[in-house]
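Visitor: make a model of this:
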Amino acid sequence: MTVLPRLAGGLWSFARSPAQAGLGFSGLHGSVPLTARGSGSGKPFVRVHLTQRRALCADRPDKDAVEVGVSRLEGDDNGIVEVLMCRQRARNSLGHVFVGQIRELVSGLQHDSAARVVIFRSLVPRVFCAGADLKERAQMSNSEAELFVHGLRSLMNEIAALPMPTIAAVDGFALGGGLELALACDLRTMAYTAQVGLIETTRGLLPGAGGSQRLPRAVGFAKAKELIFTGRHVGGQEALELGLVNRAVPQNESGDAAHREALNLAREILPQAPVAVRMAKAAINRGIEVDIASGMAIEGMCYARVIPTRDRQEGMAAFIEKRTPRYTGE
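Guide: Here you go, the predicted model:
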């Protein structure tokens, strides 16, 4: 399993070599040469620092295109990791390369104790994720399409199973599989101008990557049935009223209002005890699927995991000493 190296401010792509990744990108904090690094899985990573969105989102039709990256924030935001979706030409549609890169990135985050909050965001203006890549899908046989959708469903489950809190920052369209990706995250922020919807029935399909299960759990069965049966889009204000998103905000001139609100939300989570937050997520996610008595037992097991932690001792000491706790995740 791939574990992402713990480097602050870096963005990692999954190309095979520096030449294939594309040369000449500049850094978030100055120009930096590309360097190949081992991932521990036999597959080298390429470190790519970026200055401008268009650098990462450059149209590259080849199979080694950089379509998804990860950025680790620094300073007071250390611990926030951003998944950057940047399939410019195809509006972040869920093609083979795009899905494969997200899958490898998510696999690396599974055991990354340095990541306290993960934000999924788009670097493509006015779109979060446009859903299925219909051009690719049209070339698939029925069995190939079924297998690919099975893989998408598995990916969404892997995102949902990440141990740390995840936030989808929806600044543009999130349709079909794009909304399913957002639903796989724990929390969602959205711009009022963005549009979301499970539109599969308008294409002769039904939501196949978790949408038919996660949307009812988010907004209730009757409203979920209405949205899925009609394939209707909803904007940010309605999504907030439905409980589909946690926060909705007016869009700004730079088109990243939902991302900024996601950062605000992440910064509220960041100071809390990391093990406690992860165990709270586990208790909620596992408990919601069982009866209340079984849920109580799950809560008890998760609670038992935090009792011996140093963070619990630090939380108690900070309360007694009337100071801000300094959690280390231990």
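Visitor: now stretch 98-114: buried residues?
Guide: For stretch 98-114, the neighbour count (16 or more other CB atoms under 10 Å) marks 98-109, 112, 114 as buried. Yep, even glycine has a C-beta here, placed from its N, CA and C like the rest.
Visitor: again with stretch 219-229
Guide: Along stretch 219-229, these residues count as buried under the neighbour rule (16+ other CB under 10 Å): 219, 223-224, 227-228.
Visitor: and for stretch 149-163?
Guide: Those would be 149, 151-153, 155-156, 158-159, 162-163, for stretch 149-163 by 16+ other CB under 10 Å.
Visitor: could you do stretch 288-298 as well?
Guide: For stretch 288-298, the buried set under the neighbour-count rule, 16+ other CB under 10 Å, comprises 295, 298.
Visitor: now stretch 120-135
Guide: By neighbour count with 16+ other CB under 10 Å, stretch 120-135 contains the buried residues 120-124, 127-133.
Visitor: rewinding a little: could I get the buried residues of stretch 219-229 as CSV with secondary structure and distance to R247?
Guide: CSV is the format used below for those (DSSP: H, G, I helix; E, B strand; the rest coil; distance: CB to CB, whole Å):
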residue, secondary structure, distance to R247
V219, helix, 16
K223, helix, 19
A224, helix, 20
L227, helix, 20
I228, helix, 24
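Visitor: of those, closest to A169?
Guide: Nearest to A169 among those, counting by CB to CB, is V219 at 19.4 Å.
Visitor: tell me which element A168 is part of?
Guide: Element membership of A168, judged by DSSP states H and E, is strand 166-170.
Visitor: CA-only coordinates of that strand, as PDB, when you get a sec.
Guide: Taking Å, rounded to 0.1, in the frame of the first residue of the first chain, the C-alpha atoms of strand 166-170 are listed here in PDB:
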ATOM      1  CA  THR A 166     -13.300  14.700   4.900                       C
ATOM      2  CA  ILE A 167     -14.900  17.800   3.400                       C
ATOM      3  CA  ALA A 168     -16.100  18.300  -0.200                       C
ATOM      4  CA  ALA A 169     -15.800  22.000  -1.300                       C
ATOM      5  CA  VAL A 170     -18.400  22.300  -4.100                       C
END
